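[1] Fold the following for me, if possible:
(2 chains)
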Amino acid sequence: MSEPLAEVEALVKRFPLTRGVVFRRRLGEVAAVDGVTLAVHAGESLGIVGETGSGKSTLARILLNLLEPTSGAVRWRGEDVTHARGARLHALRRARQMVFQDPAGSLNPRKTVGAAVADPFAIHGLLPERAARARRVGELLEQVGLDAALANRYPHELSGGMRQRVGIARAIALGPELLVADEPVSALDVSIQAQILTLLRDLRRDLGLTLVLIAHDLAVVRHMCDRVAVMREGRLVEVAPVEELYAAPRADYTRELLAAVPRIPGPAPAAPSPPPPAGGGVAQSSPSST
Amino acid sequence: MSAALRVEDLRVAFDTRAGLVQAVDGVSFAVAPGRTLGIVGESGSGKTVAATTAMGLLRGPRVRVSGRVELDGEELLGASPDRLRALRGDAIAMVFQDPLSALHPLLRVGDQIAETLRAHAGARGLSRAAARARAVELLDQVAIPDARRRVDAYPHELSGGMRQRALIAMAIANEPRVLIADEPTTALDVTVQRQILALLRRLRDELGMAMVLITHDLGVVAETADEVAVMYAGRIVEQALAAELFAAPRHPYTWGLLRSMPRLDAPVGSALVPIPGRPPSLIHPPSGCRFHPRCAYVRERHRSVDPSLEPVIGAPEHRVACLLPETERRALWAALSAESVR
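    Alright, predicted model coming up:
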């Protein structure tokens, strides 16, 4: 296989366990990530699943240098970037972006949608000319299925699904190679979830993005990913291609997780890929859709 | 069998600065003892408002309520606040989504359960010791290990799953006739969710409770409910026995929900078919069929005619609010479900 795009090796992240507010005592440590080695290959879609406290979100944050590991290494295209700082980190941010669970919490309520999407350009000193920047922001909004006129609105005027689209527009603004999405649909309604998942799948195909999807929902990961890593209590339990993991899980824990997913009876009315154009497939990314 | 909970033509509107929000618009259902009705819908569909109104929790100058809610034949909407207080936590109880905010953070779990018991003990009262003993029993009944010790725990000392169990223990403390569970497992991990759903089913059977399970998750409904009501924009748009609903859904919105959910038995690589657009405003709901702006099968007539919930021909227990002819609905669903490669 080709050299991994991103990689973590023997990664450990411990957080101090404290008690008390005024007289803070350190009781010990808890290992959120406990010796994880994992590679992400260019062009793939890797799912990381696990329950609360499995360390999946911590792992994602370390992978993007948003959090420093206690020990172990983070590599980007073979280069050790574990302790990257300054200009190097700045450049890495362009190549690696994150989509968060709560689009309301990750958008500044006092900034218009347009300003939020233009932020990455300002931070990186790109497109200094106002008209060009506004044009690019409009393009990005349309690319995620929003009306370009929404640039003048504030986050609170948007529905949850629209806000998540804004979060995605912001994340793809600088043309990243790697997108890490942490529970991007778990706060959304069922019908909106499908719209956002479909958008992420389309963008991945159109932009050639590598995707790391952090999720607790095994059906979502199965739908979105080529390969799946199962985490439990900070460790990798199993990593396998999606067909293999779901058809023949090797770890007891994976089997337990799969068995716990409530099943919907009746035929699966899923359209073959790609969906037929008739009757509102792919939400058509119509400008006014959520 | 007569229903433990009967809701008839319930309407709930909120008077807001932006206008009158018709959150629930003519909803009727009944649940018999030992049975579970699943109410499925997205946010804003009115499912939670319908349930909290039934509990008498929604009252006030800005809330307009009409219709009937009967608990074992007793009308609740017109009941006095005292009467409601006596019934809540006794004959009718509720379990909420977020156990951390439903439990008092500074009181021991056992004391909170004991309070529920003593509040409804009647004139004879219940001694502290007896209430505590019963609290331990209840924690045991909801399968909290080491109940004798956990009875003295504070909510923050328990895991999410344990907290939800404690909350369920409190809800069933007085063996209610009706239990309303509003997204009881949404905040929990799947393995814990499975245990909580099994617990609710077991308690329903042991106590013969009528249960209303409110959820957005069709999978949760399929595993727990005997009957399902699908809500959209304040109304029930389809209602049927669970097996029938999943085998032969009749409403395009239900089809949309089923087609938008990724599922473990779909072929790998198959696409989802999202429902376009988003739920409508309840201040200015769409004319005609409320689903028409998002419906792939909309006809001109559907923009002006408002469908009522009517029995499906040949399946009188199955009701649907859709203007398409039954033969056409049957053919459409057959075509949609045949698309899947099983």
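[2] Which residue ranges of chain A form strands?
    Taking DSSP state E as the test, the strands found in chain A are A:6-19, A:25-40, A:45-49, A:71-76, A:79-80, A:96-99, A:178-182, A:210-215, A:227-232, A:235-241.
[3] Against which helices or strands is the last one packed?
    Under the contact criterion of 3 or more Cβ pairs under 8 Å, 6 or more residues apart in numbering or on different chains; DSSP states H and E, strand A:235-241 touches strand A:25-40, strand A:227-232, helix A:252-260. The C-beta positions use only the backbone N, C-alpha and C, and glycine is treated the same way.
[4] Which one of these lies nearest to chain B?
    helix A:252-260 (4.2 Å; Cβ to the nearest Cβ).
[5] Just the pLDDT at residue 198, thanks.
    No chain specified, so I'll use chain A. Note on A:Thr198: pLDDT of 94.
[6] The intended chain is chain B.
    For B:Ala198, pLDDT reads 93.
[7] picking that back up, want to throw the strands of chain A into TSV with mean neighbour count and mean pLDDT?
    Converted to TSV, the strands of chain A look like this (neighbours: other Cβ atoms under 10 Å in any protein chain shown; pLDDT from 0 to 100):
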stretch	mean neighbour count	mean pLDDT
strand A:6-19	16	91
strand A:25-40	16	90
strand A:45-49	26	97
strand A:71-76	18	97
strand A:79-80	12	96
strand A:96-99	23	95
strand A:178-182	23	96
strand A:210-215	25	96
strand A:227-232	24	97
strand A:235-241	18	97
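[8] B:Ala210: which of those strands is closest?
    Of all those, strand A:210-215 sits nearest to B:Ala210, with 35.0 Å by Cβ to Cβ.
[9] in its sheet, what does the closest one sit against?
    Strand A:210-215 pairs in its sheet with strand A:45-49 (parallel), strand A:178-182 (parallel), by DSSP bridges.
[10] Residue 140: what's it in contact with?
    Because you didn't say which chain, this covers chain A. A:Val117, A:Ala169, A:Ile172, A:Ala173 (Cβ atoms under 8 Å, 6 or more residues apart in numbering or on different chains).
[11] you looked at the wrong chain, it should be chain B
    Contacts of B:Asp140 (Cβ under 8 Å, 6+ apart): B:Ala147.
[12] so is it in a helix, a strand, or just coil?
    Three-state assignment for B:Asp140 (DSSP: H, G, I helix; E, B strand; the rest coil): helix.
[13] Tabulate the strands of chain A in JSON lines, adding columns for distance to B:Asp265.
    As requested, the strands of chain A are exported to JSON lines (distance: least, Cβ to Cβ, whole Å):
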{"stretch": "strand A:6-19", "distance to B:Asp265": "32"}
{"stretch": "strand A:25-40", "distance to B:Asp265": "28"}
{"stretch": "strand A:45-49", "distance to B:Asp265": "18"}
{"stretch": "strand A:71-76", "distance to B:Asp265": "37"}
{"stretch": "strand A:79-80", "distance to B:Asp265": "42"}
{"stretch": "strand A:96-99", "distance to B:Asp265": "28"}
{"stretch": "strand A:178-182", "distance to B:Asp265": "24"}
{"stretch": "strand A:210-215", "distance to B:Asp265": "18"}
{"stretch": "strand A:227-232", "distance to B:Asp265": "17"}
{"stretch": "strand A:235-241", "distance to B:Asp265": "18"}
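[14] how close does the closest residue to chain A within the stretch 101-250 of chain B sit to A:Leu89?
    Per Cβ to the nearest Cβ, B:Gly219 is where the stretch 101-250 of chain B lies closest to chain A, at 3.0 Å. From B:Gly219 over to A:Leu89 the distance is 42 Å, taken as Cβ to Cβ, to the nearest Å.
[15] more neighbours, the two?
    Remark: of B:Gly219 and A:Leu89, B:Gly219 carries more neighbours, 19 against 12, as counted by other Cβ atoms under 10 Å in any protein chain shown.
[16] excluding its backbone neighbours, what's nearest that one?
    A:Pro262 (3.0 Å; Cβ to Cβ, 6 or more residues apart in numbering or on different chains).
[17] thinking again about what came up before, how about the helices and strands packed on strand A:235-241 in a markdown table, adding distance to chain B?
    Below are the helices and strands packed on strand A:235-241 laid out as a markdown table (distance: least, Cβ to the nearest Cβ, whole Å):
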| stretch | distance to chain B |
| --- | --- |
| strand A:25-40 | 14 |
| strand A:227-232 | 10 |
| helix A:252-260 | 4 |
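[18] wait, is B:Ile144 part of a helix?
    No. With three-state DSSP as the criterion, B:Ile144 is located in coil rather than a helix.
[19] quick one, phi psi at it?
    phi -90, psi 120 (degrees, to the nearest 10).
[20] Run a quick neighbour tally on A:Thr263.
    For the record, residue A:263 is Arg, not Thr. So A:Arg263, with other Cβ under 10 Å, has 15 neighbours.
[21] what's the burial count for A:Ala115?
    A:Ala115: 16 neighbours (other Cβ under 10 Å).
[22] ok, B:Gly160 - how many residues close by?
    Around B:Gly160 there are 17 residues (other Cβ under 10 Å).
[23] what's the answer for B:Leu332, then?
    Counted with other Cβ under 10 Å, B:Leu332 comes out at 17.
[24] Let me see the contact set for it.
    B:Pro252, B:Trp255, B:Tyr297, B:Leu324.
[25] Repeat the analysis, applying 10 Å as the threshold.
    Under the criterion of Cβ atoms under 10 Å, 6 or more residues apart in numbering or on different chains, the neighbours of B:Leu332 are A:Gly279, B:Arg250, B:Pro252, B:Trp255, B:Ala296, B:Tyr297, B:Leu324.
[26] and the closest residue in space to A:Gly78 that isn't next to it in sequence, how many neighbours?
    In space, and not counting its chain neighbours, A:Gly78 is closest to A:Glu3: 5.6 Å by Cβ to Cβ, 6+ apart. By the measure other Cβ under 10 Å, the count of residues near A:Glu3 is 11.
[27] Local confidence estimate at A:Glu3?
    Here the pLDDT value assigned to A:Glu3 is 81.
[28] What parts of the stretch 101-250 of chain A come near chain B?
    Contact residues (Cβ under 10 Å from any Cβ of the partner chain) of the stretch 101-250 of chain A with chain B: A:159-162, A:185-186, A:188-199, A:201, A:216-226, A:241-243, A:246-247.
[29] ok, the residue in the stretch 1-150 of chain A that chain B sits nearest to - how many residues close by?
    At 3.9 Å from chain B, A:Glu51 is the closest residue in the stretch 1-150 of chain A, using Cβ to the nearest Cβ. A:Glu51: 19 surrounding residues under other Cβ under 10 Å.
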